[in-house]
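# fold the following and give me the result.
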Amino acid sequence: MNINWYPGHMKKTIDSLKASLKLVDIVAELLDSRIPISSRNPLIDEILGDKPRIILMNKMDLSDKKENEKWMEYFKKEGHETVMINSMTGYGVKNIEKACRSQLREKFEKNKEKNILSDRIRLMIVGIPNVGKSTLINRLANKKSAKVGNRPGVTRHNQWIKTSGNMELLDTPGVLWPKFEDKLTGLNLAYTGAIKDEIMDVDNLAFSLIETLQKIDPKILSTRYNIKTDNKSTLEIMEEIALRRGAILKGKEIDYTKTANIVLDEFRKGILGNITLEKVEDIDVRV
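Take a look at the predicted model:
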């Protein structure tokens, strides 16, 4: 599967992000907790430099709890406060301001010595498209301020948004890779829906996801679809799922596209279980 995506607005987005850094106290880097490596822009360290940062692990309800804890420990060692959140339900969102204040403790202490008593925090949230940034901003603002969509690239222009706490948010367009140099990164983003299905071959994408899930735990698919997967090829497993879910065309042919959409949809909604595709141990292999 060949995935290359280089939106024309990418360079402009990165330049805008760099220019916006001087306007904020701290940056919140929003990641998908199922794919913390692939949902992290590889240029982000270079772009943010030494600007204070917290990590927000979104969609934590869809990933494995034990792996979430390992990732929190990993980012803690990197020097970043980390907050597990669900931007849809609001879980953990109230802890974001607390994490920001903890990360900015030294700055506030210095301000106090200078008789600067304002404790306002100016925050910028960055993340790849479709990781839940607009939904999070709306949640923090407690209103529908940013455009929200379930497809990449909905948020387009910078805007300041006040929250119920003493924080102001600078929304920014999502940032993604200039190009996918790593096939696995592209696949992981596509599995989670961060890349439009319309530009993907969903049959092959689901085939690859089934292979991946079988490596993580063969019980995921056998339990969900009540099928036996032992000693079966990926294609045979896909066809078993099709038969179980009635994805059959006229002439009793397998409807692979319908089957693919079933598997992808149920993975993305967490119906297949709490699954983390990228573990901390994978970093050494991927970097």
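# chain neighbours aside, what residue packs nearest to L117?
Excluding its sequence neighbours, the residue lying closest to L117 (C-beta to C-beta, 6 or more residues apart in numbering) is N111, at 7.6 Å. C-beta coordinates here come from the backbone N, C-alpha and C atoms, glycine included.
# can you show me the helices along the stretch 151-287 of the chain?
For the stretch 151-287 of the chain, the helices defined by DSSP state H, counting those that start in this stretch cover 183-192, 202-216, 219-225, 234-245, 256-268, 283-286.
# and of these, who's closest to W71?
Nearest to W71 among the helices of the stretch 151-287 of the chain is helix 283-286; the distance by C-beta to C-beta comes to 10.1 Å.
# how far does that closest one sit from its chain's centre?
Taking C-alpha atoms, centre = their mean, to the nearest Å, one finds helix 283-286 lying 18 Å from the centre of the chain it belongs to.
# pLDDT (mean, whole number) over that helix?
For helix 283-286, the mean per-residue pLDDT is 75.
# please save the CA atoms from that helix in CSV.
In CSV, the C-alpha atoms belonging to helix 283-286 read as follows (Å, rounded to 0.1, in the frame of the first residue of the first chain):
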residue,chain,number,x,y,z
ILE,A,283,10.1,3.4,19.8
ASP,A,284,13.6,1.9,19.5
VAL,A,285,12.5,0.0,16.4
ARG,A,286,10.7,2.9,14.7
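# so which bits of that helix are buried?
Within helix 283-286, no residue counts as buried by 16 or more other C-beta atoms under 10 Å.
# stretch 23-40 too?
Residues 24-40 are the ones in stretch 23-40 that count as buried (16+ other C-beta under 10 Å).
# about what we covered before: my read is the residue nearest to L117 is in a helix, agree?
Yes. Under DSSP: H, G, I helix; E, B strand; the rest coil, N111 falls within a helix.
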